[in-house]
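# predicted model and sequence follow; I will ask about them next.
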Protein chains: 2
Amino acid sequence: MSIKLYGFWRSIASFRVRVALKLKGLAFEETAIDILCGEQFKPGYDAVNPEHVVPTFVHDGYQLFQSMAIMEYLDDIKPAPRLLPEDAKERAYARSLALMTIADAHPLVVPRVRNHLAKAFGADTKAIENWGKHWTTEGLATYERLLGRRVPAPFALGAEPGLADICIAGQVVGAHFLKLELGAFPIVAGLAERCLKMPEFATSHPFEQPGYKTASVHH
Amino acid sequence: MSIKLYGFWRSIASFRVRVALKLKGLAFEETAIDILCGEQFKPGYDAVNPEHVVPTFVHDGYQLFQSMAIMEYLDDIKPAPRLLPEDAKERAYARSLALMTIADAHPLVVPRVRNHLAKAFGADTKAIENWGKHWTTEGLATYERLLGRRVPAPFALGAEPGLADICIAGQVVGAHFLKLELGAFPIVAGLAERCLKMPEFATSHPFEQPGYKTASVHH
C-alpha cells in the first residue's frame, strides 16, 4: 500500500499521526505544508484538504483528515499492534483521554487562533504566548487529575502505548514549544518520558523534523 | 440498564449525546449542571468528572465523558441503529466530519474560552460575541465546502442520520445561539433542517430544554 502524509513539523496533530504510523510499522512519505506561511490555503492544497489544515493522510488515493479519524482508521486497516483496546469500556476511556487534548486543550493554541487573537484583540506576541501557556497548562492539569485516578501502568491503558498515550505525549510536546516546567504534573511527565524514549515517538517529535531545522536557521 | 446524563441546556456537546441516545432508543435521566454558574467546578461534580465539563454519561455506574467517546460507546453497546457506518473508509469519513466541529470549531466558543477572553484581553460582550460569530461561521463554511464535494443524500453518509449529522446539526445549533443567517451555507442548512425535523433532534435542541425556559425567565 502507498501512504502519503501532508504534515508540518510544528503541527502536533501531524506528530500524532506520525507516531501512530510508526507504531503500526507502516512506511509513509511526508510532504511539508507550511501552515505558518499559509500554504494550507493555496488552491493546490485545497484540492487535497478543503478544511485547510494538516495533517492529511492519503492511502492509495483515499484522502482523510483529522488526526483522530486517521488513527482510528489505521486501527481498522491494520489491527496489530492495537492503538485502541478491544473492550468497549476501555476503548471509550482511551478515546476520552485522547479527546481531552484533541477537542479541548489543543484547538485553542493552533496558528489560526493565535493569528485571530492578534487581529481581533490586538494581542501582541507576549499576550499570545501567555494564552498558549494558559491553555496548555490547563490541559496538563486536567490530565494529571485524571491519570491520578487511574495511574498509568506504565502507559495510560496498560502495558503498551496507544491512542491515549500518543495524545498525552502530544500535549507535552506543546509544553516543549512553550518551555513550560512539568514539575507540577509528575504523572503526565512520567508517561510522556516513557513514550518519548521510544524511537516511534522520539523520531516523530517536531524538533526532529527536517522543517524545524530549516526554520531554526531562518529565524 | 440505567443511563444517567449530566448535561446543560446550552451545551452543544450535551445536545449531541441527547440526540444519539434518542436515535438509539435508550432511555436516560438528565441532571443539569449549570456551566454558566460554575457548577462544574464544585467538589460533588469533580468526583463525577475531573475534567469539569459536560456532558458526563453514566452507564450502570461506569462514568464516561467527551461527547464523541460517548457516541462511539453507544454504537459499541447497542449497534442498531448504527451511528457509524460499517465500512472502514465510510466510518473514517463520518469521524472526520464529526471532528471538524468537535476538534476545531466548537472548542473555541465554549464558556471557559469566552470567560478567558474577557480576563486576558479585556474583551467586552460585543467582542466576545464577534469571536463566537467568527469561529461558528468558519465551521459552517468548512462544512459547506466539504459537503459540496459529496452532497448529503439526504444525510451526510446516506439514508439515515448518524454521528456526522449529529455534529453538523450541533454546529447549526451554535449558529442559532448567535442568530446567524445560514443563507451562504445552503447544503449545511438543508442537512440541519432535515435533522431538526426529526423528533430525536428537535426535542434535544437547547431551546427545548427545561433549563432554557428557566434561564429565559431570569435574564
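Okay, I see it. These numbers come from a predicted model, not from an experiment.
# poorly predicted segments of chain A, please.
Scanning chain A for pLDDT under 70 picks out the ranges A:216-219.
# let's see 90
A:1, A:36-38, A:41-44, A:46-48, A:50-51, A:211, A:213-219 (pLDDT under 90).
# pull the longest helix from it.
Scanning chain A for the helix with the most residues, using DSSP state H, yields helix A:125-149.
# correct me, but residue A:41 touches residue A:53?
No: Residue A:41 is not in contact with residue A:53 according to CB atoms under 8 Å; the separation is 10.3 Å. The way it works is simple: take the backbone N, C-alpha and C, and place the C-beta from them, glycine included.
# out of the two, which sits in the more crowded spot?
Set side by side, residue A:41 and residue A:53 show more neighbours around residue A:53, with 26 against 11, by other CB atoms under 10 Å in any protein chain shown.
# please look at the more buried one and residue A:67 and confirm they touch.
No: here residue A:53 does not reach residue A:67: they are 9.6 Å apart, not a contact under CB under 8 Å.
# find residues that contact each of the two.
Taking CB atoms under 8 Å, 6 or more residues apart in numbering or on different chains as the criterion, residue A:53 and residue A:67 both touch residue A:13.
# what is the helix or strand harbouring residue A:73 packed up against?
For residue A:73, the host element (DSSP states H and E) is helix A:67-77. Packing contacts for helix A:67-77, counted by 3 or more CB pairs under 8 Å, 6 or more residues apart in numbering or on different chains; DSSP states H and E, involve helix A:12-24, strand A:56-59, helix A:88-99, helix A:163-177, helix B:88-99.
# same thing but at 10 Å, please
strand A:3-7, helix A:12-24, strand A:56-59, strand A:62-65, helix A:88-99, helix A:163-177, helix B:88-99 (3 or more CB pairs under 10 Å, 6 or more residues apart in numbering or on different chains; DSSP states H and E).
# tabulate these in a markdown table, adding columns for distance to residue B:14 and mean neighbour count.
Putting these into a markdown table (distance: least, CB to CB, whole Å; neighbours: other CB atoms under 10 Å in any protein chain shown) gives the following:
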| stretch | distance to residue B:14 | mean neighbour count |
| --- | --- | --- |
| strand A:3-7 | 34 | 20 |
| helix A:12-24 | 26 | 24 |
| strand A:56-59 | 31 | 23 |
| strand A:62-65 | 26 | 19 |
| helix A:88-99 | 15 | 22 |
| helix A:163-177 | 23 | 24 |
| helix B:88-99 | 16 | 22 |
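# in TSV: those, plus distance to residue B:60.
Formatted as TSV, the helices and strands packed on helix A:67-77 follow (distance: least, CB to CB, whole Å):
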stretch	distance to residue B:60
strand A:3-7	40
helix A:12-24	32
strand A:56-59	37
strand A:62-65	35
helix A:88-99	10
helix A:163-177	23
helix B:88-99	26
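# where's residue A:79 relative to residue B:148, distance?
34 Å (CB to CB, to the nearest Å).
# how about residue A:109?
Distance from residue A:109 to residue B:148, by CB to CB: 29 Å.
# same drill for these two, tell me which one is more crowded.
Applying other CB under 10 Å to residue A:109 and residue B:148 shows that residue A:109 carries more neighbours, namely 20 against 13.
# now the residue of chain A most remote from its centre: phi and psi?
Relative to the centre of chain A, the most outlying C-alpha is that of residue A:122, 28.1 Å out, by CA atoms, centre = their mean. Residue A:122 has phi and psi values of phi 60, psi 30 when expressed as degrees, to the nearest 10.
# just to check, it is in contact with residue B:121?
Yes: look at residue A:122 against residue B:121 with CB atoms under 10 Å: they come within range, at 8.1 Å.
# list the residues that contact residue A:79.
Neighbour list for residue A:79: A:24, A:86 [criterion: CB atoms under 10 Å, 6 or more residues apart in numbering or on different chains].
# would you say it is within a strand?
No: per DSSP: H, G, I helix; E, B strand; the rest coil, residue A:79 lies outside any strand segment and is coil.
# got the domain ranges for chain A?
Chain A breaks down into these domains under automatic domain parsing: A:3-81, A:88-202.
# please convert these to JSON lines, extending it with distance to residue B:97.
Output for the domains of chain A, formatted as JSON lines (distance: least, CB to CB, whole Å):
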{"stretch": "domain A:3-81", "distance to residue B:97": "9"}
{"stretch": "domain A:88-202", "distance to residue B:97": "14"}
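# hang on, the earlier thing: shared neighbours, residue A:41 and residue A:53?
A:35, A:112.
# distance check, the residue lying closest to residue A:77 once chain neighbours are set aside against residue B:149.
Nearest residue to residue A:77, sequence neighbours excluded (CB to CB, 6 or more residues apart in numbering or on different chains): residue B:88, at 6.1 Å. Residue B:88 sits 20 Å away from residue B:149, going by CB to CB.
# residue A:39 too?
20 Å.
# of these two, which one has the most company?
With neighbours defined as other CB under 10 Å, residue A:39 and residue B:149 compare such that residue A:39 has more, 16 against 8.
# for chain B, see how far away the more buried one is.
17 Å (CB to the nearest CB, to the nearest Å).
# contacting residues for the closest residue to that residue other than its chain neighbours?
Of all residues not flanking residue A:39 in the chain, residue A:33 sits nearest, at 4.8 Å (CB to CB, 6+ apart). Applying CB under 10 Å, 6+ apart to residue A:33 gives the contacts A:6-8, A:11, A:14, A:39-40, A:42, A:44-45, A:48-49, A:52-56, A:211.
# quick check: phi and psi at residue A:33.
Dihedral angles (degrees, to the nearest 10) for residue A:33: phi -120, psi 110.
# mind checking how far it is from residue B:148?
Distance from residue A:33 to residue B:148, by CB to CB: 22 Å.
# residue A:8 too?
In terms of CB to CB, residue A:8 sits 26 Å off from residue B:148.
# residue A:131 now?
Counting by CB to CB - residue A:131 and residue B:148 are separated by 33 Å.
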